[in-house]
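Undergrad: Just the structure for this:
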Amino acid sequence: MDKINIVVVSDNTEYKVALKNKLVDENIAIIGYADMEAGAKVRIQGFVPDVVAFLIDSGDIDTPFFDFVDGLGLGSYGASAVILTDKVTVDLVNMAAQAGIRQVMDIGIGGTEFCENITSIVARERKFSPSSGAERKTRSNVYAFFSGKGGVGKTTICTNVAVALASQGKKTLLIDLDLQFGDADMALDISPTETIVDLARDTNGVSIDNLTTCCTTHASGLSLLASPNSPELAEYVTTNTVKQILDIGRNYFEYILIDCGCQLTDPVITAIEGADTVFMVNDVNILSLKRAKTCLNVLQQINQKDKVKLVINKNVKKNTVKISDFEGLLGIPSYAVIASDFKTVNTSLNNGQPAVTFKPRSIISRDLSNFANKLILEREGNLPSKQKSFGKKNK
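TA: Sure thing, here's the model as predicted:
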């Protein structure tokens, strides 16, 4: 059976920890959390889970709770709802069944039994969902590109991979979250009329319409949500803004790439927490190695270390510091290695084109395209047979 993804809905931290400790089956994973609030529907749909687990005290399971669950529309995309609570009664089980809840379990259930129950529920759902007409979409992926050191080529890699994805027909969003000194727009040679600040300050809040309006479209089809025009405007972008953008964006885009700054600000931490994968970009020198270790320690403290994958940039054959030094010190294998090709990168920037479109046959473009293809293969299992042609850029 394919991996089973769970979204946890609860306001109880103790229950959340208890559930996390029950995941003794490596094929079952928690991919996100949501609170019992009005915005939960958009957030949960963006994750496209197999199971939504409601962790709640039995005394709070009443008609408004069942109305809340019903309003989420889980059946529309084949997700199963389960409840874990402190007291399971016959009346509660009957009420839950009438509301479409697949199973009610005691919060103290053992890990093995819990995983077996979840596996059985999902197996039944996948067996019968085709006949019920429930259309299942593939979950979007969010990637945060981060580095504790400037000048490592993080923006170059992030923008080129985003363009490579978009050029293959993938609905791709690039968010420039270097809120003070972001320059993804310059790397793509586009001039945004609106930025992430306009979205954050919109009195109507974040919606898919507002999000797409504030994005600028690149010739490849890539949507860019640019950083503020001036550093002082960064304060308008809050953690809640970032959270809402990701929640909304997951329901519309297949791939979301976030170009984070070199500082762990609150918005960047929120982006990292909301990402499926954190790509830590490093060039091959001793200072970058030191910073990488420091960053990894910080990410471990905020429980994000398991998401980290190592990207090595500007690699040359003769380096005093080796890729193996990074892998050994960090305990993480290299996910992608990008060759050093200053001439191609510099020329492409000066000509206002990403390297993957300016010189697609160069060694660095090959590495960047392979990076994008690897993301597609991991998410979809195959590559498109044709790539899109590039036209004039537009808004």
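Undergrad: so how far is stretch 289-299 from its chain's centroid?
TA: Distance of stretch 289-299 from the chain centroid (Cα atoms, centre = their mean, to the nearest Å) equals 21 Å.
Undergrad: Pull out the buried residues from that stretch.
TA: Using 16 or more other Cβ atoms under 10 Å as the test for burial, stretch 289-299 gives L289, R291, A292, C295, L296, L299. C-beta here means a position set from N, CA and C on the backbone, and glycine is covered the same way.
Undergrad: Make CSV out of the residues you listed and add pLDDT, secondary structure and distance to I157.
TA: Shown next, in CSV, are the buried residues of stretch 289-299 (pLDDT from 0 to 100; DSSP: H, G, I helix; E, B strand; the rest coil; distance: Cβ to Cβ, whole Å):
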residue, pLDDT, secondary structure, distance to I157
L289, 88, helix, 18
R291, 88, helix, 16
A292, 87, helix, 15
C295, 89, helix, 16
L296, 91, helix, 18
L299, 90, helix, 19
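Undergrad: Identify, from those residues, the entry nearest to L349.
TA: R291 (23.8 Å; Cβ to Cβ).
Undergrad: Just to check, the closest one is in contact with G151?
TA: No: R291 sits out of contact with G151 when judged by Cβ atoms under 8 Å, with a separation of 11.1 Å.
Undergrad: Could I get the pLDDT score of L383?
TA: L383 carries a pLDDT value of 75.
Undergrad: need the contact list for it.
TA: Q168, N373, I376, L377 (Cβ atoms under 8 Å, 6 or more residues apart in numbering).
Undergrad: Run through who's touching stretch 27-41.
TA: 1-11, 16, 19-20, 23, 43-44, 47, 49, 56, 65, 68, 71-73, 115, 118-119, 139, 244, 247, 276.
Undergrad: Now, the residues you listed that are in strands?
TA: Using DSSP state E, the subset of these located in strands is I4, N5, I6, V7, V8, V9.
Undergrad: ok, now how distant is the third one from I109?
TA: As judged by Cβ to Cβ, to the nearest Å, I6 and I109 stand 14 Å apart.
Undergrad: try the first one
TA: Applying Cβ to Cβ, one obtains 16 Å for the distance of I4 from I109.
Undergrad: In terms of neighbours, single out the busier of these two.
TA: For I4 and I109, the more surrounded residue by other Cβ atoms under 10 Å is I4, and the numbers stand at 22 against 16.
Undergrad: The more buried one reaches A53, doesn't it?
TA: No: I4 lies out of contact with A53 (Cβ under 8 Å); the separation is 11.1 Å.
Undergrad: Give me the common contacts of those two.
TA: Common neighbours of I4 and A53 (Cβ under 8 Å, 6+ apart) do not exist.
Undergrad: What segments of the stretch 1-150 of the chain are helices?
TA: Secondary structure of the stretch 1-150 of the chain (DSSP state H, counting those that start in this stretch): helices at 13-20, 40-47, 63-71, 90-98, 111-132.
Undergrad: quick one: buried residues of the first one?
TA: It refers to helix 13-20. In helix 13-20, counting by 16+ other Cβ under 10 Å, buried: Y15, K16, L19.
Undergrad: Show the contacting residues for the last one.
TA: The one in question is L19. Contacts of L19 (Cβ under 8 Å, 6+ apart): V8, I30, A53, L55, L84, I107.
Undergrad: Next, find the distance separating the nearest residue to the last one once chain neighbours are set aside from G32.
TA: Put plainly, it is I107. Once flanking residues are discounted, I107 sits nearest to L84: 4.8 Å by Cβ to Cβ, 6 or more residues apart in numbering. According to Cβ to Cβ, L84 and G32 sit 16 Å apart.
Undergrad: per-residue confidence at I109?
TA: 96.
Undergrad: Quick check: it touching V24?
TA: No: look at I109 against V24 with Cβ under 8 Å: they stay out of range, at 11.7 Å.
Undergrad: picking up where we left off before, mind putting the contacts of L19 into TSV with neighbour count and distance to N282?
TA: Output for these, formatted as TSV (neighbours: other Cβ atoms under 10 Å; distance: Cβ to Cβ, whole Å):
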residue	neighbour count	distance to N282
V8	21	33
I30	16	29
A53	25	37
L55	23	38
L84	24	41
I107	21	42
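Undergrad: neighbours around the nearest residue to G110 once chain neighbours are set aside, how many?
TA: Setting aside the residues directly before and after it, G110 is nearest to K22 in space (Cβ to Cβ, 6+ apart), at 7.4 Å. By the measure other Cβ under 10 Å, the count of residues near K22 is 21.
Undergrad: Quick check: the closest residue to S140 other than its chain neighbours vs G32, distance?
TA: Excluding the flanking residues, the one nearest S140 by Cβ to Cβ, 6+ apart is R250, at 4.6 Å. Going from R250 to G32 by Cβ to Cβ gives 9 Å.
Undergrad: what residue is smack in the middle of this structure?
TA: Taking Cα atoms, centre = their mean, the centroid of the chain lies closest to V142, which sits 2.0 Å from it.
Undergrad: What subset of the contacts of L383 is buried?
TA: By 16+ other Cβ under 10 Å, these give Q168, N373, I376 as buried.
Undergrad: Just the ones in helices from those, please.
TA: N373, I376 (DSSP state H).
Undergrad: could you dump the buried ones among the contacts of L383 to TSV with pLDDT and distance to V161?
TA: Formatted as TSV, the buried ones among the contacts of L383 follow (pLDDT from 0 to 100; distance: Cβ to Cβ, whole Å):
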residue	pLDDT	distance to V161
Q168	92	11
N373	95	10
I376	94	11
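Undergrad: ok so K293 is a strand residue?
TA: No: with DSSP: H, G, I helix; E, B strand; the rest coil as the criterion, K293 is located in helix rather than a strand.
Undergrad: got the angle between the least confident helix or strand in the chain by mean pLDDT and helix 13-20?
TA: One helix or strand of the chain scores below all others by mean pLDDT, DSSP states H and E: helix 111-132, with a mean of 83. Here helix 111-132 runs at an angle of 80 degrees relative to helix 13-20 (axes from the mean of the first three to the mean of the last three Cα atoms, to 10 degrees).
Undergrad: how many other residues sit next to the closest residue to G352 other than its chain neighbours?
TA: Leaving out its chain neighbours, the residue that sits closest to G352 by Cβ to Cβ, 6+ apart is D189, at 2.9 Å. The burial count assigned to D189 is 16, neighbours taken as other Cβ under 10 Å.
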